[in-house]
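Colleague: Predicted model, plus sequence, below.
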Amino acid sequence: MYYIRTSAKVNLGLTVVGKLEDGYHEIETIMVPLGIYDTISVDFSLNNLSKSLNVESDFDIPNDERNIIWKMVNFVERIIKREIGFRIKIKKEIPVGSGLGGGSSNAAGVVRCLLDFLKLQNILSDEIENNIISGIHKVGADVPFFLSNGAKVAQGIGEKLTHLRGLVEKLVDYKVIVVYPGIHVSTEESYRLIDEKGFFDKDGWALYFYKKFMNGEIGIEDFKKMLKNSFESFIIEEVKKIKEFLYSEDAMFALMSGSGSAVYGLFSRDVDFSKLREKLVNRFSVLDKFVYEVRFVNEPFLFFTGGIL
């Protein structure tokens, strides 16, 4: 049995660079793990091949082959040429359709457990593990990010990762206020709008920004003029108003994460979260449980292993 907690993420800037012939999109973004966690319990078996996925959530999430975790296990099965039984239970805290990466995070955590299980079963060779890790982005473009610690630049369709050493430590003292307005955003539809309008941006900004920030040449106050999110070109009015409100409450930086609809703001330590949450709940159609006070973290998942089924 495995018990894991898998984190959310936010994007410190995100640009859509272009569309590839296969229909995927090239992006450039800085992703940072965020301390909102889903909790997952996992059992695997090579004998009992039944499969069950139970999701405890306020959202309508498929618990069959449409779920990214199910797809991930099927992907591994094709590589090892063996069927794997599983019983997986998830308690969701990360909102669905928010741009916070909850599904990809869940899938990455389950894959880490599955790799450990296969190793214990003497099935996992270096070649098999490499094939799984190198191909995992085909199931979910953000999944590779969650397989290792720390902030990273993601390029390509998300599979080309550059670790940004020290970035989390430099940001850890800031409070991150995350607001999910309860609006589910379709990533597919967001990309369709980008294509329709031809709103593509140049790449090469992420490492430039990182080096400037780490060298002290720029500070948090410069984020607003240096970082953007391409998907904000089609920002929902409610999201726009929340972002403006965060700035009016002395956020040093605010941005929509991913394709939305969650918005986050960076605040100093002394922000009064209770008062800020009350204002957000009263002014916008936001449930108080969808306003979070968190910090950036290094570890995208925390787990310990149990016995074998």
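Modeller: Nice, thanks for sending it over.
Colleague: check contacts around V16.
Modeller: Applying C-beta atoms under 8 Å, 6 or more residues apart in numbering, we find V16 in contact with 25-27, 191, 194, 199-201, 230-231. From N, CA and C alone the C-beta is placed, and that goes for glycine too.
Colleague: Most widely separated two among these?
Modeller: Taking C-beta to C-beta, the two most distant members of those are E26 and F231; they sit 14.5 Å apart.
Colleague: neighbour count winner among these two?
Modeller: In this view E26 and F231 are compared by other C-beta atoms under 10 Å, and F231 has more residues nearby, 26 against 17.
Colleague: Surely that one forms part of a helix?
Modeller: Yes: according to DSSP: H, G, I helix; E, B strand; the rest coil, the state of F231 is that of a helix.
Colleague: Make sure it is actually in contact with V263.
Modeller: No: the pair F231 / V263 is not scored as a contact, 11.7 Å apart, by C-beta atoms under 8 Å.
Colleague: Now do the shared contacts for those two.
Modeller: When contacts are counted by C-beta under 8 Å, 6+ apart, F231 and V263 have M256 as shared neighbours.
Colleague: what about the host helix or strand of G13, distance to the chain center?
Modeller: Take DSSP states H and E as the rule and G13 turns out to sit in strand 2-19. What separates the centre of strand 2-19 from the centre of its chain is 3 Å, taken as C-alpha atoms, centre = their mean, to the nearest Å.
Colleague: got the angle for the helix or strand following that strand vs strand 2-19?
Modeller: Using DSSP H and E, the next helix or strand after strand 2-19 towards the C-terminus is strand 25-45. Angular relation of strand 25-45 and strand 2-19 on a 0 to 180 degree scale: 160 degrees, by axes from the mean of the first three to the mean of the last three C-alpha atoms, to 10 degrees.
Colleague: so what does strand 25-45 touch, helix or strand wise?
Modeller: strand 2-19, strand 85-91, helix 102-120, strand 152-156, helix 167-171, strand 175-179, helix 205-214, strand 291-294 (3 or more C-beta pairs under 8 Å, 6 or more residues apart in numbering; DSSP states H and E).
Colleague: For these, give me CSV that also has distance to E249.
Modeller: As requested, the helices and strands packed on strand 25-45 are exported to CSV (distance: least, C-beta to C-beta, whole Å):
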stretch, distance to E249
strand 2-19, 18
strand 85-91, 31
helix 102-120, 26
strand 152-156, 29
helix 167-171, 19
strand 175-179, 9
helix 205-214, 23
strand 291-294, 12
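Colleague: need the ones you listed in JSON lines with mean pLDDT, can you?
Modeller: Listed next are these as JSON lines, based on pLDDT from 0 to 100:
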{"stretch": "strand 2-19", "mean pLDDT": "96"}
{"stretch": "strand 85-91", "mean pLDDT": "97"}
{"stretch": "helix 102-120", "mean pLDDT": "96"}
{"stretch": "strand 152-156", "mean pLDDT": "97"}
{"stretch": "helix 167-171", "mean pLDDT": "97"}
{"stretch": "strand 175-179", "mean pLDDT": "98"}
{"stretch": "helix 205-214", "mean pLDDT": "97"}
{"stretch": "strand 291-294", "mean pLDDT": "97"}
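Colleague: Of the ones you listed, give the one that comes closest to S285.
Modeller: Proximity of the helices and strands packed on strand 25-45 to S285 was assessed by C-beta to C-beta; the nearest stretch is strand 175-179, lying at 11.1 Å.
Colleague: show me where pLDDT drops low in this protein?
Modeller: The model of the chain has pLDDT under 70 over residues 304-309.
Colleague: got the domain boundaries for it?
Modeller: The record, using automatic domain parsing to delimit domains, assigns the chain the ranges 2-164+298-305, 167-294.
Colleague: Out of the ones you listed, which is the most enclosed?
Modeller: domain 2-164+298-305 (a mean of 19; mean count of other C-beta atoms under 10 Å).
Colleague: Pull the distance from that one to the chain's centre.
Modeller: On the basis of C-alpha atoms, centre = their mean, domain 2-164+298-305 is displaced by 10 Å from the centre of the chain it belongs to.
Colleague: again, but for stretch 195-211
Modeller: Put simply, stretch 195-211 sits 19 Å off its chain's centre (C-alpha atoms, centre = their mean).
Colleague: Equivalent analysis for stretch 215-225, please.
Modeller: Stretch 215-225 has its C-alpha centroid displaced from the chain centroid by 24 Å (C-alpha atoms, centre = their mean).
Colleague: who touches it?
Modeller: Stretch 215-225 is touched from outside by 12, 174, 209, 212-213, 226, 252-253, 266, with contacts defined as C-beta under 8 Å, 6+ apart.
Colleague: Serialize the residues you listed to a markdown table and add fields for distance to W70.
Modeller: Below are the contacts of stretch 215-225 laid out as a markdown table (distance: C-beta to C-beta, whole Å):
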| residue | distance to W70 |
| --- | --- |
| L12 | 31 |
| Y174 | 37 |
| F209 | 37 |
| K212 | 42 |
| F213 | 39 |
| M226 | 39 |
| M252 | 40 |
| F253 | 37 |
| L266 | 36 |
